[in-house]
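1. Sequence and computational prediction follow.
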Amino acid sequence: MYKRILVAVDGSHTSRRAFESALSLASSTGAVLQPFYVVENTPMYFEAPGYDPSILRNRLVDQGKELGAEFTQAMRAQGVAGDMAVGEASSLDDVATVVLKAAAAFNADLLVMGTHGRRGVQRLFLGSVAERCVRQAALPVLLIPSAAGQEQAAQANA
């Protein structure tokens, strides 16, 4: 089955579901799991008067560290090997490109990601990052919808 799984995470509800699915799969198959977080640099805001892009970038880096600690703890609790990795998108490499390059560098045989993340309006349908990854990937991609697991959570609460 799968031996090396990369899961793209961004802190959104859907990406947490993707992480949970990837963790469960890695736990059941003995795969190595690498959560991967991308710091986005949004160049269109860099030239706005009074805007300091380092504030947003530093917050995104901090969020990546927080997620890394949380996900590493969850992986250790499940006995899953692997470490969090962080990449940075730029005007040359968008988020999808950075994720696919990370999957190749990790030698992943499966990419797991949510259908919608934190990027809002641009991602109304499937999600622009998820869609580009599916179209450009040379490895299997498992997409986790935002509604995944909601029935089980509703039943558990009932």
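-> Thanks, I have the structure now.

2. C-alpha from now on. contacts and neighbour counts both.
-> Will do.

3. pLDDT on the longest strand anywhere in the chain, on average?
-> Under DSSP state E, the strand in the chain containing the largest number of residues is strand 32-39. When pLDDT is averaged over strand 32-39, the result is 96.

4. Okay, now the unreliable bits of this structure?
-> Within the chain, the segments meeting pLDDT under 70 span 42-49, 51, 117-127, 148-158.

5. need the strands for it, in chain order.
-> Residue ranges of the strands in the chain, as given by DSSP E, are 4-9, 32-39, 85-88, 110-114, 141-144.

6. between those strands, which gets nearest to residue 61?
-> Nearest to residue 61 among these is strand 32-39 (6.4 Å), distances taken as C-alpha to C-alpha.

7. partners of the closest one in the sheet?
-> Strand pairing for strand 32-39, using DSSP bridges, gives strand 4-9 (parallel), strand 85-88 (parallel).

8. CA atoms of the last one as PDB?
-> Written as PDB, here are the backbone C-alpha positions of strand 85-88 (Å, rounded to 0.1, in the frame of the first residue of the first chain):
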ATOM      1  CA  ALA A  85       7.700  20.400   6.900                       C
ATOM      2  CA  VAL A  86       7.100  24.000   5.900                       C
ATOM      3  CA  GLY A  87       7.500  25.600   2.400                       C
ATOM      4  CA  GLU A  88       7.000  29.100   1.100                       C
END
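
9. before we move on, back to that, highest mean neighbour count out of the strands paired with strand 32-39?
-> Across the strands paired with strand 32-39, averaging neighbours per residue (mean count of other C-alpha atoms under 10 Å) puts strand 4-9 on top, at a mean of 27.

10. Thank you, goodbye.
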